[in-house]
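Colleague: Below are the sequence and a predicted model; questions follow.
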Amino acid sequence: DAGVTQSPTHLIKTRGQHVTLRCSPISGHKSVSWYQQVLGQGPQFIFQYYEKEERGRGNFPDRFSARQFPNYSSELNVNALLLGDSALYLCASSLEGRGPPETQYFGPGTRLLVL
Amino acid sequence: EDKVVQSPLSLVVHEGDTVTLNCSYEVTNFRSLLWYKQEKKAPTFLFMLTSSGIEKKSGRLSSILDKKELFSILNITATQTGDSAIYLCAVNTNAGKSTFGDGTTLTVKP
């Protein structure tokens, strides 16, 4: 069975541009969470979606948005990119959707570099 | 603001040594504490702890939670080079938040 998949694996953008990252959860999982991991730090929670509705949001500016599709895949969008947005973006899927997921499975991440 | 602090930041040991990694937290409305291992990119789940004093064990790894003193430890006995990784601690709250610590980087030398 396929695990969580993310695309692209790597991405280079310039300041001010927009980026869309994609995530497909494990088959049967209805919840997707997004995290940002800056080098040397732990993952920072951005969003959780369950059944296409936002169930949790971290302390990120409105430049960050996400959505979940009927097939439970998800997109993370970041507008007006800043140098500080350079990070590994992790997607995690889980079965449950009430509160933060207890058992979640992480994808390999998308490494974003903003120049 | 919810806070999770891990110590030490990094650790270098030799194969066969035993290590103890620490995670302390200050959060509102604690729900659970989780440990992950991160080798290249994707963190992989190790343990989930919700009750004080109950040890979770998997092979050479074990973990315990102290909800009164607000910390958890992760023990690894008879370390192997394959244990080299970043170990992450995360705390979930009933308010729907998930807060990670910055991790402990463990290097196991042959």
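Modeller: That came through, no problem.

Colleague: Output the lowest mean pLDDT helix or strand found in chain A.
Modeller: strand A:53-57 (a mean of 87; mean pLDDT, DSSP states H and E).

Colleague: ok, and the closest residue to residue B:83 other than its chain neighbours, which helix or strand is that part of?
Modeller: What sits nearest to residue B:83 in space, not counting adjacent residues and going by CB to CB, 6 or more residues apart in numbering or on different chains, is residue B:108, at 5.1 Å. From N, CA and C alone the C-beta is placed, and that goes for glycine too. Remark: residue B:108 resides in strand B:104-109, with elements defined by DSSP states H and E.

Colleague: mean confidence for that strand?
Modeller: For strand B:104-109, mean pLDDT is 97.

Colleague: Check whether residue A:38 really touches residue A:85, as I assumed.
Modeller: No - using CB atoms under 8 Å, residue A:38 is not in contact with residue A:85, being 9.3 Å away.

Colleague: mind checking pLDDT for residue 101?
Modeller: Using chain A here. Looking at residue A:101, the pLDDT reads 60.

Colleague: looking at chain B here, not the other one
Modeller: Value listed for residue B:101 in the pLDDT field: 96.

Colleague: got the contact list for it?
Modeller: A:42, B:4-6, B:23, B:88-90 (CB atoms under 8 Å, 6 or more residues apart in numbering or on different chains).

Colleague: Kindly recompute the last result at 6 Å.
Modeller: Applying CB atoms under 6 Å, 6 or more residues apart in numbering or on different chains, one finds that residue B:101 lies in contact with A:42, B:4-6, B:23, B:89.

Colleague: Helices - which of those land there?
Modeller: Among the contacts of residue B:101, DSSP state H puts none in helices.

Colleague: I'd like to know which of these are buried.
Modeller: A:42, B:4, B:6, B:23, B:89 (16 or more other CB atoms under 10 Å in any protein chain shown).

Colleague: Residue B:34 contacts residue B:48, doesn't it?
Modeller: Yes - with contact defined as CB atoms under 6 Å, residue B:34 counts as touching residue B:48 (5.0 Å).

Colleague: residue in chain A nearest to chain B?
Modeller: residue A:42 (3.4 Å; CB to the nearest CB).

Colleague: Show the contacting residues for the nearest residue to that residue once chain neighbours are set aside.
Modeller: Leaving aside its sequence neighbours, residue A:42 sits nearest to residue B:100 (CB to CB, 6+ apart; 3.4 Å). Residue B:100 makes contacts with A:42-43, B:88, B:90, as judged by CB under 6 Å, 6+ apart.

Colleague: So which residues of chain A form helices?
Modeller: Going by DSSP H, chain A shows no helices.

Colleague: what does it have sitting close to chain B?
Modeller: Within chain A, the positions adjacent to chain B are A:41-43, A:45, A:56, A:99-100, A:102, A:106, A:108-109 by CB under 6 Å from any CB of the partner chain.
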